[in-house]
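Visitor: Sequence unavailable; structure follows:
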């Protein structure tokens, strides 16, 4: 008589397909071929004499029986991974594949040195990093971890807050000398304000301002629209106009005098920076090591924000 324990790899394939909502992303996550994953699920369905997925050319969904099996087996797999993490953490270095995503600027300037250090210290650790400003589905793309700026609405993931990040409105001293310093957000209409372009959606990032109970939202409409944060920095430092930038982008140029912050009394509270991962990934040794490293470079009080005066030296 066939039981689920006879070949648990088929059950694992089923769970990964359900979590990733597709055979191809599940195969990528498992490091095997799509055909192998499809075969495993088909064998499991045949042996159990039930249909686990409703398949069409455009969609994949669980049957009632599939929902029951997923609920039961996901907990078992979580326990296995937890046990493996407890055992390996005591005597093994991190190894295997890690797939992560981060915003492009934060990824290059803050996360990249961490990744380079980890792979040097742990040669058997292989990291695939996607630095972009899109919003990937962590399960469908088989990601182990995401670094996210802002709120998380997906209740199926775990979000661990690290810090708050401020965005600074600034321009070059030369530009402000030529065109004047705006004293309120409403005066930005008379300035060349550079837009951060979101090509995937065809929109531009808005600038939110807050002063006490007053709130103001501004959409930049200058003659230069760019989809890369460091390119915006270069343009603003050259005197092209005014822009809103994350503090880790703007801080070095503020400290060396290339940029001057404006409208500091209208700066809203910072946005959350969070590590996001799936519930069954929280005790993986390689994920835990990376999370610890990220927490070191993104502490609750960001050092560069203290250096440019956004945070009191006593905090």
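Guide: Structure's in. What do you need? Note that the structure is predicted; figures quoted are calculated from it, not measured.

Visitor: Output the residue ranges of the helices in the stretch 201-315 of the chain, listed in chain order.
Guide: 229-237, 247-255, 285-297, 303-307 (DSSP state H, counting those that start in this stretch).

Visitor: buried set for stretch 215-234?
Guide: 216, 218, 220, 222, 224, 226, 227, 229, 232, 233 (16 or more other CB atoms under 10 Å). For glycine as for every other residue, the C-beta is placed from the backbone atoms N, C-alpha and C.

Visitor: I'd like the helices of the stretch 201-315 of the chain as TSV, with mean pLDDT and distance to residue 190 appended.
Guide: Listed next are the helices of the stretch 201-315 of the chain as TSV, based on pLDDT from 0 to 100; distance: least, CB to CB, whole Å:
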stretch	mean pLDDT	distance to residue 190
helix 229-237	93	17
helix 247-255	93	22
helix 285-297	89	39
helix 303-307	90	29
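
Visitor: Show me the one of the ones you listed that comes nearest residue 70.
Guide: Nearest of the helices of the stretch 201-315 of the chain to residue 70, taken as CB to CB: helix 285-297 at 21.7 Å.

Visitor: Show me what that closest one is packed up against.
Guide: helix 64-89, strand 96-102, helix 112-121, strand 145-149, strand 158-165, strand 271-277 (3 or more CB pairs under 8 Å, 6 or more residues apart in numbering; DSSP states H and E).

Visitor: Where among those is average confidence lowest?
Guide: Of all those, mean pLDDT reaches its minimum on helix 64-89 (a mean of 74).

Visitor: quick one on the thing from earlier: the helices of the stretch 201-315 of the chain: which one's closest to residue 37?
Guide: helix 285-297 (22.0 Å).

Visitor: quick one on the thing from earlier: for residue 112, which of the helices of the stretch 201-315 of the chain is the nearest?
Guide: When the helices of the stretch 201-315 of the chain are compared by CB to CB, helix 285-297 sits nearest residue 112, at 10.6 Å.

Visitor: in the closest one, what's buried?
Guide: Buried residues in helix 285-297 (16+ other CB under 10 Å): 285, 286, 287, 288, 289, 290, 291, 293, 294.

Visitor: quick check: angle from that helix to strand 145-149?
Guide: 30 degrees (axes from the mean of the first three to the mean of the last three CA atoms, to 10 degrees).

Visitor: hang on, the earlier thing: can you tell me which of the buried residues of stretch 215-234 lies nearest to residue 47?
Guide: Residue 47 lies nearest to residue 227 out of the buried residues of stretch 215-234, by CB to CB, at 49.9 Å.

Visitor: quick one, what contacts the closest residue to the closest one other than its chain neighbours?
Guide: Nearest residue to residue 227, sequence neighbours excluded (CB to CB, 6 or more residues apart in numbering): residue 197, at 4.4 Å. Going by CB atoms under 8 Å, 6 or more residues apart in numbering, residue 197 touches 204, 225, 226, 227.
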